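predicted model and sequence below, questions to follow.
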Amino acid sequence: MADIADLAIILFLPWFAILGALYWFYPRTLARTPARRNFDLAMLALAFVASFIAGRWGYAIASTSIEAGPIWRQVLASLLAYKAFLAVIAVAWAWRGMRFR
């Protein structure tokens with residue numbers, strides 16, 4: 001079950017890498033200090049962990065409570081994983097903008 005539940009994360013890894021790179025490099029107007037790098041690394045790690053947990057939770061919820069067929073498990077896991085990643089990155093982007101200006 002673990003391999004199938006992680007399929008959502010595996011399929012989104014390239015897109016998460018692109019979003020993570022955009023988060024890392026932009027905006028270029030902020031100073032690149034060691035504190036900012038550490039903050040960015042922590043937020044990217046938190047985004048990935050949140051995405052992993054949300055994907056697992058979505059897969060578990062869909063497999064027990066929704067009668068829509070077997071593909072729904074992957075769909076719900078993918079949706080929740082993607083939304084969790086984006087939510088953490090969006091909050092981190094705003095927080096970083098206020099913190100490092």
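That came through, no problem.

hey, where'd the helices end up in the chain?
2-5, 7-25, 34-65, 71-99 (DSSP state H).

between these, which gets the lowest average pLDDT?
The weakest mean pLDDT among the helices of the chain belongs to helix 2-5, with a mean of 63.

who are the contact partners of the residue most central in space within the chain?
Nearest to the mean C-alpha position of the chain, by C-alpha atoms, centre = their mean, lies residue 85 at 2.0 Å. For residue 85, the contacting residues are 12, 16, 19, 47-48, 50-51, by C-beta atoms under 8 Å, 6 or more residues apart in numbering. Quick note: C-beta positions are derived from backbone N, CA and C, even for glycine.

for residue 92, state which of the residues you listed is nearest.
residue 47 (7.2 Å; C-beta to C-beta).

contacts only, for the closest one.
Contacts of residue 47 (C-beta under 8 Å, 6+ apart): 16, 20, 84-85, 88-89, 92.

by neighbours, which of the residues you listed wins?
The most crowded member of the contacts of residue 47 is residue 85, carrying 26 neighbours; neighbours defined as other C-beta atoms under 10 Å.
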